[in-house]
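Enquirer: What follows is a predicted protein model with its sequence.
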Amino acid sequence: SSQLSSLPLQILLYVNGIYYIFYFLATLAMIIYKSQVFSYPDDFLAPDLAVLFLMAILEVPRLYLGFKGNLTEAEAPLGLSLGLTVGSVLLCVYLLLWQTYVLWADVLLNAVLLSAYGLESGLKVSAIAAFVS
């Protein structure tokens with residue numbers, strides 16, 4: 001019996017989990033900073049924070065299902081993780097393009113996260129293909 005789970009995917013999931021903690025704290029700090037320094041409209045602060053917290057809520061099952069699916073060589077959890085990744089990408093694009101104020105640090109943090117999501121998605125698709133065949 002051969003092992004089909006992907007080591008690069010497992011490493012990337014682990015690194016992405018650590019990076020996301022940094023991303024969340026840095027983005028939260030920047031939203032607080034922007035609300036203090038700039039004239040941040042009150043009715044736009046809540047949606048920006050809601051997107052960030054929704055993204056954090058999605059990240060936990062996304063990473064868990066990715067770890068579980070890869071280690072158990074099961075397509076279903078890995079496919080669900082891939083679906084949650086699509087949701088996380090959309091929320092990340094919101095924070096990159098449509099939040100009230102976008103600083104260069106926002107662009108940098110979101111570009112790294114989107115790159116990790118893209119690489120991770122490619123590895124998930126190849127792992128699912130290996131599990132199915």
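Expert: Received, thanks.
Enquirer: tell me, what residue is most central in this structure?
Expert: Central residue of the chain (Cα atoms, centre = their mean): Ser88, 5.0 Å from the mean position.
Enquirer: And the next helix or strand past the strand or helix carrying that residue?
Expert: If you go by DSSP states H and E, Ser88 is part of helix 75-93. Counting by DSSP H and E, the next helix or strand C-terminal to helix 75-93 is helix 104-132.
Enquirer: and the residue nearest to Gly66 when sequence neighbours are not counted, how many neighbours?
Expert: Nearest residue to Gly66, sequence neighbours excluded (Cβ to Cβ, 6 or more residues apart in numbering): Ser81, at 4.0 Å. C-beta coordinates here come from the backbone N, C-alpha and C atoms, glycine included. Ser81 is flanked by 24 other residues according to other Cβ atoms under 10 Å.
Enquirer: where does Ser81 land on pLDDT?
Expert: At Ser81, the pLDDT value in this model is 98.
Enquirer: likewise Ser39?
Expert: The model reports Ser39 with a pLDDT of 88.
Enquirer: On the three-state scheme, it is what?
Expert: Under the three-state scheme (DSSP: H, G, I helix; E, B strand; the rest coil), Ser39 adopts coil.
Enquirer: Neighbours of it, how many?
Expert: By other Cβ under 10 Å, 8 other residues sit near Ser39.
Enquirer: which residues touch it?
Expert: Taking Cβ atoms under 8 Å, 6 or more residues apart in numbering, we find Ser39 in contact with no residue.
Enquirer: Now it: phi and psi?
Expert: Dihedral angles of Ser39 (phi, psi; degrees, to the nearest 10) stand at phi -80, psi 80.
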